[in-house]
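return a 3D structure for these sequence lines:
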Amino acid sequence: MSFGVVEENTIAAVAAHPFGELTFTGQRFPLADVRLLAPILPSKVIAIGKNYAEHAREMGGEAPAEPVLFSKPSTAVIGPGEAISYPEKLSQRVDYEGELALVIGRMCREVPAARAADVILGYTCANDVTARDLQKKDGQWTRAKGFDTFCPLGPWIETDADPADLAISTTVNGEVRQEARTSQLTHDIPMLVEYVSQVMTLLPGDVILTGTPAGVGPLEIGDEVTVTVEGVGALTNRVVARD
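Alright, predicted model coming up:
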């Protein structure tokens with residue numbers, strides 16, 4: 001794995017990881033000639049449940065007064081263009097959940113909301129793929145959210161985005177299924193960083209999924225799902241049968 005900085009239609013290679021001061025190697029590659037992997041492999045992925053009011057209502061409730069936290073294992077992470085594996089033997093309902101994700105830039109804990117931007121490296125697109133039938137059956141979400149390939153991230157980490165009011169959408173086979181703006185988040189990003197970091201130490205590269213809008217729905221084998229976040233990029237993955 002190599003790291004680089006996307007500059008228009010090229011990637012400028014850097015000598016090490018993206019945390020701290022960047023050292024460029026002088027090598028440049030056309031973006032079209034590079035296979036993009038997941039932009040980060042986090043030590044943990046912390047996700048926020050029911051953080052858009054309309055999504056909370058479509059799930060049968062109201063938006064919670066405090067953020068609802070759950071986690072996804074790092075082994076669920078895949079990158080753009082990689083396949084989401086549908087575990088047919090275990091689930092008959094796998095859903096997409098398009099989201100804005102933030103990437104932590106330095107070790108931190110107990111971060112005040114006013115200082116959240118100081119610890120965020122940048123933002124990327126995410127798909128919180130969920131075995132909905134198992135989520136309902138189990139009553140807690142670890143199994144339903146934790147399958148290998150159930151956390152696509154990408155296409156890169158955007159370090160200049162202002163996350164306060166970005167358009168977010170999800171399409172399946174080109175048909176729009178979700179549309180919202182991050183200004184509709186019940187709990188905004190600074191508050192989420194404060195809340196999560198009160199519970200646990202966040203390490204460089206850790207990811208927080210900020211919540212999915214209304215419009216979640218099922219995926220089928222062969223579907224192509226794309227999550228697009230304004231000012232960040234588009235993340236596309238195809239669904240295949242699990243071996």
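
C-alpha from now on. contacts and neighbour counts both.
OK.

near the closest residue in space to Gly105 that isn't next to it in sequence, how many other residues are there?
The shortest distance from Gly105 to any residue other than its chain neighbours is 4.2 Å, reached at Leu121 (Cα to Cα, 6 or more residues apart in numbering). By other Cα atoms under 10 Å, the residues close to Leu121 number 21.

so which elements touch the one helix or strand Leu121 maps to?
Under the criterion DSSP states H and E, the helix or strand holding Leu121 is strand 120-127. Judged by 3 or more Cα pairs under 8 Å, 6 or more residues apart in numbering; DSSP states H and E, strand 120-127 is in contact with strand 98-104, strand 151-158, strand 224-229, strand 233-241.

and the top helix by length along the chain, what's buried?
In the chain, assigned by DSSP state H, the helix with the most residues is helix 189-199. By 16 or more other Cα atoms under 10 Å, the buried positions in helix 189-199 come out as Ile189, Pro190, Met191, Leu192, Val193, Glu194, Tyr195, Val196, Ser197.

does Ala53 really touch Ala65, like I thought?
No - the criterion here is Cα atoms under 8 Å, and Ala53 misses it with Ala65 at 10.9 Å.

only C-alpha atoms, please: export stretch 91-107 in CSV.
Taking C-alpha atoms only, stretch 91-107 is exported to CSV below (Å, rounded to 0.1, in the frame of the first residue of the first chain):
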residue,chain,number,x,y,z
SER,A,91,-29.2,-13.1,5.8
GLN,A,92,-32.0,-12.5,3.3
ARG,A,93,-32.1,-8.7,3.7
VAL,A,94,-28.9,-6.6,3.2
ASP,A,95,-29.4,-2.8,3.1
TYR,A,96,-27.3,0.1,2.0
GLU,A,97,-26.8,3.1,4.3
GLY,A,98,-24.9,6.0,2.7
GLU,A,99,-23.0,8.3,5.1
LEU,A,100,-20.4,11.0,5.6
ALA,A,101,-17.5,9.6,7.5
LEU,A,102,-14.8,11.6,9.4
VAL,A,103,-11.2,10.4,9.9
ILE,A,104,-9.4,11.3,13.1
GLY,A,105,-5.9,12.8,12.6
ARG,A,106,-4.3,12.5,16.0
MET,A,107,-4.7,10.6,19.2
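
just the buried positions in it, please.
So for stretch 91-107, counting by 16+ other Cα under 10 Å, buried means 93-106.

then stretch 8-23?
Buried, per 16+ other Cα under 10 Å, within stretch 8-23: Thr10, Ile11, Ala12, Ala13, Val14, Pro18.

okay then, goodbye and thanks.
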